[in-house]
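Asks: Coordinates only, no sequence provided:
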C-alpha cells in the first residue's frame, strides 16, 4: 500500500519516544500520510527520513492532520501539548479527531475531553499495553474509551498498530482499564517475587517453582515471560519501574476519586518508592524482586544454578 | 485393569474428605488395592461399597498397605495421624513408603520426615493443586519432595491422580512449592479484586476489563477461570477462604523460618482474617473481592449487567 492512498486520513503523531517511534513506522507501513512532532528534534528527522512530514509544533500537526495522536509520558505532558498556546486544540478544526494513546489519569482525561468537546473535537483515549516490543511488532493491546462511532471510524488506524483492540466504554474508560491492567501486572510481579525468594531461600530450584506454578491455578503471563529473567537477575527494560510507579500513582488517584481504597496497590506503590530511592527506577519492573531480596538480605542468584 | 493386578502395591489412604474421596476412586479405577480410613465412618463405608477395604485405624492402614497416603486438613492432623499411638508410624514396617499429600507446613514436614526415617520409612511430601474438580478429573498438579528414587517408584500412583507431576527437590520442597503457589494465587485474586472494583466503580463494564486484561501482560489463570463468577458474585467453593487462609499462615511461618519477609502475603492474610470475622470463611477464595467492595462501600453487582 502506498503513502498516497487517498481514502485514508492524514495522521498526526506527537511524541516520538520508545513507543511513539515504532507506532509511527507502523502507520507509515500501513500507507498513512503522517505528520510528526517531538520536543527534541532527532526523532523527527529520523521519521522524516522514512517518509513522515515534520511539523514545528503540536499546533501545526493538528492543523495538517485529520486525526491527531498523542503518545507522551504523563498527564502534564498531554495537558500541555493539547491545551498550550501552540497546542493541538489551538490548531485542530471542528470535527477533527484527537486520540490520546498515552497512559495518563482518567480524571485528567475527562477534563481534557470536556475542553476538546467544547471546541467541537471528537476525542478518544486509547492507552496501550505490550511495551516497545508490542509497538514494534504492531501487536499492542489497545483499550479505547469514547464514542462508539468515532472508535469504529478509527479502527483501521488502531489495527495498524495493535492486535487486541477493544472499545471499553465512554471517554476515560480506556485510561481506567489501563489503570486496572497496571494494578494486576504490578501485583503479579510482587506475588512472583515473594514466591521465588521464599522458595529459593528454602532450597528449591527456582526453575522448578516456575514450572509447577505455571502449570496450575497460579499461572500468570508475567511469570511466563519474565520468570526466567528474574531468576537470572536480568532487569534490562522492558518497562521501567519509574513508569510503572507513575501508573500506580494514576490507579491510586483514580481510586481516591471514586472512593475505592486499593491496599495492595498502595503497598506495591510504596515498594516502588523504595526502589527509586535505591536508584533502580530505570530497571525493568520485574526488579520488584530485588525489593523482597533486600528485605531478606539474600539474593536469588545465590541459590540459582 | 482389575483390582487384582499383582505388580501393584496395596495403597492405604487416610482422609476421605472432598479431595481424598475422588483421589481414592481414581486409585481404584487404576486397579490398585486400596485400604482406607477416615475419622468419620460415612466416607469409609462409601468407598468400601466401591471396592476399597475398610480399616479401623491409621495404624491398621499402615500395617496392611505398602504405600500409605495421608490427605488431611492441616499440620496437627497429619502429625496426630502419623505419630499417634494408633498412627501410621506405629503400624508401618521398615522400608515402606509414606506420602503426605495434605498441604501443611514445610517445617512440620521436615520434623515428621525425620521421625519416619528413624523408623526406616521412606517419606515423600506431595501436596496437590487443582481442587476437587482436579481431584475428580484426575488432573491434579502434584509437587513432590523427597528422594528421587522413591519418587520414581511412586510415579504410577501419582499418575493415577494427577497430570502435572514434578519432583521439585528433597523432603519438604513439595510443601515449600505449594506455599509459593498459594501466595501467587492469593495475590492474583487480590489484584483482580482491586482492578474489578476500581474499574467497575469508575463505570466500566467488568466483562470488558476481564477481556482486555486477559489479552495482555495482566493475563492470569485465576481471572480466566473465576473472573466471570466474581462479577456475578457467585462465591460457591471451590477452595474455601478458611483453607487458603491456613495456607497463607504456612507461607508466612515458612518465611519466618527462613528469614524472608512477605509483606503482600501478610496483607492478604489479614484481609482473610477480616473475611473470616465477617462470616465468609466457607466462601470460595475469590470472595476476596468482597473485602475490597466492603472498603469501597459498594458492590460490583450494582454496576454489572
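Replies: Yep, that arrived. Computed from a predicted model, the values in this text were never measured in an experiment.
Asks: C-alpha only now, for contacts and for neighbours.
Replies: Will do.
Asks: pull the longest helix from chain A.
Replies: Longest helix of chain A, by residue count under DSSP state H: helix A:173-201.
Asks: List the buried residues in that helix.
Replies: For helix A:173-201, a neighbour-count test (16 or more other C-alpha atoms under 10 Å in any protein chain shown) marks A:173-201 as buried.
Asks: and it, is it in reach of chain B?
Replies: Yes. Under the criterion of C-alpha under 8 Å from any C-alpha of the partner chain, helix A:173-201 makes contact with chain B via A:173, A:176-177, A:179-185, A:187-188, A:190-192, A:194-199, A:201.
Asks: next helix or strand past that helix?
Replies: helix A:206-213 (DSSP states H and E).
Asks: in chain A, which spans are strands?
Replies: A:11-14, A:34-37, A:53-54, A:67-70, A:97-100, A:122-125, A:128-129, A:140-146, A:162-169 (DSSP state E).
Asks: out of the ones you listed, which comes closest to chain B?
Replies: Chain B lies closest, by C-alpha to the nearest C-alpha, to one member of the strands of chain A: strand A:162-169, at 5.8 Å.
Asks: who's in contact with that closest one?
Replies: A:134-135, A:138-148, A:151, A:158-159, A:174, A:177, B:204-205, B:208-209, B:212, B:215 (C-alpha atoms under 8 Å, 6 or more residues apart in numbering or on different chains).
Asks: Just the buried ones out of the residues you listed, please.
Replies: Buried, going by 16+ other C-alpha under 10 Å: A:134-135, A:138-146, A:148, A:151, A:158-159, A:174, A:177, B:204-205, B:208-209, B:212, B:215, out of the contacts of strand A:162-169.
Asks: could I get the strands of chain A as TSV with mean pLDDT?
Replies: Formatted as TSV, those follow (pLDDT from 0 to 100):
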stretch	mean pLDDT
strand A:11-14	98
strand A:34-37	98
strand A:53-54	98
strand A:67-70	98
strand A:97-100	98
strand A:122-125	98
strand A:128-129	93
strand A:140-146	96
strand A:162-169	95
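Asks: Name the residues of the helix or strand bottoming out on mean pLDDT in chain A that are buried.
Replies: When the helices and strands of chain A are scored by mean pLDDT, DSSP states H and E, helix A:131-137 comes last with a mean of 91. Residues of helix A:131-137 classed as buried: A:131-132, A:134-136 (neighbour count, 16+ other C-alpha under 10 Å).
Asks: Just give me how far the longest helix of chain A sits from the chain centre.
Replies: 16 Å (C-alpha atoms, centre = their mean, to the nearest Å).
Asks: cool, and stretch A:127-136?
Replies: So, by C-alpha atoms, centre = their mean, the centroid of stretch A:127-136 is 7 Å from its chain's centroid.
Asks: hmm, it touching chain B?
Replies: Yes. Using C-alpha under 8 Å from any C-alpha, we find that stretch A:127-136 touches chain B at A:129-130.
Asks: So what touches that stretch?
Replies: Residues contacting stretch A:127-136 (C-alpha under 8 Å, 6+ apart): A:18-19, A:22-23, A:26, A:100-103, A:139-144, A:161-162, A:174-175, A:178, A:238-239, B:216-217.
Asks: Over to stretch A:51-69?
Replies: A:9-14, A:28, A:33-38, A:44-45, A:47-48, A:81-82, A:86-93, A:96-101.
Asks: quick one: furthest residue from the center of chain A?
Replies: No residue in chain A sits farther from the centre than residue A:203, which is 37.2 Å out by C-alpha atoms, centre = their mean.
Asks: Using the record's domain definitions, break chain A down for me.
Replies: Following automatic domain parsing, one finds the domains of chain A at A:11-169, A:177-304.
Asks: could these be laid out in CSV, adding distance to residue B:252?
Replies: Converted to CSV, the domains of chain A look like this (distance: least, C-alpha to C-alpha, whole Å):
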stretch, distance to residue B:252
domain A:11-169, 33
domain A:177-304, 9
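Asks: could you check the distance from residue A:137 over to residue A:162?
Replies: For residue A:137, the distance to residue A:162 (C-alpha to C-alpha, to the nearest Å) stands at 8 Å.
Asks: and if you look at residue A:111?
Replies: 27 Å.
Asks: more neighbours, those two?
Replies: More neighbours surround residue A:162 than the other of residue A:111 and residue A:162, with 23 against 12 (other C-alpha atoms under 10 Å in any protein chain shown).
Asks: and that one, what are its bridge partners?
Replies: Residue A:162 has these beta-bridge partners by DSSP bridges: residue A:140.
Asks: Below-threshold pLDDT in chain A: ranges please.
Replies: Residues of chain A meeting the criterion pLDDT under 70: A:1-6, A:303-305.
Asks: switch to 80 and redo it
Replies: A:1-7, A:301-305 (pLDDT under 80).
Asks: Now residue A:235: phi and psi?
Replies: phi -110, psi 30 (degrees, to the nearest 10).
Asks: contacting residues around it?
Replies: Contacts of residue A:235 (C-alpha under 8 Å, 6+ apart): A:229, A:283-287.
Asks: What's the PyMOL line that selects buried ones from those?
Replies: Restricted to buried positions by 16+ other C-alpha under 10 Å, the PyMOL selection for the contacts of residue A:235 reads:
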select buried, chain A and resi 283+284+285+286+287
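Asks: Using a markdown table, please lay out the contacts of residue A:235 together with distance to chain B.
Replies: Shown next, in a markdown table, are the contacts of residue A:235 (distance: C-alpha to the nearest C-alpha, whole Å):
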| residue | distance to chain B |
| --- | --- |
| A:229 | 15 |
| A:283 | 18 |
| A:284 | 14 |
| A:285 | 12 |
| A:286 | 12 |
| A:287 | 16 |
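Asks: The closest residue in space to residue A:27 that isn't next to it in sequence and chain B, how far apart?
Replies: Residue nearest to residue A:27 in three dimensions, not counting chain neighbours: residue A:160, with 5.9 Å by C-alpha to C-alpha, 6 or more residues apart in numbering or on different chains. Distance, residue A:160 to chain B, by C-alpha to the nearest C-alpha, to the nearest Å: 18 Å.
Asks: For residue A:160, which residues are in contact?
Replies: A:26-27, A:30, A:138.
Asks: Cross those residues against helices and list the overlap.
Replies: Going by DSSP H, the helices hold A:26-27 from the contacts of residue A:160.
Asks: Among the contacts of residue A:160, list the two that are farthest apart in space.
Replies: Greatest spacing in the contacts of residue A:160, by C-alpha to C-alpha: A:30 and A:138 (10.6 Å).
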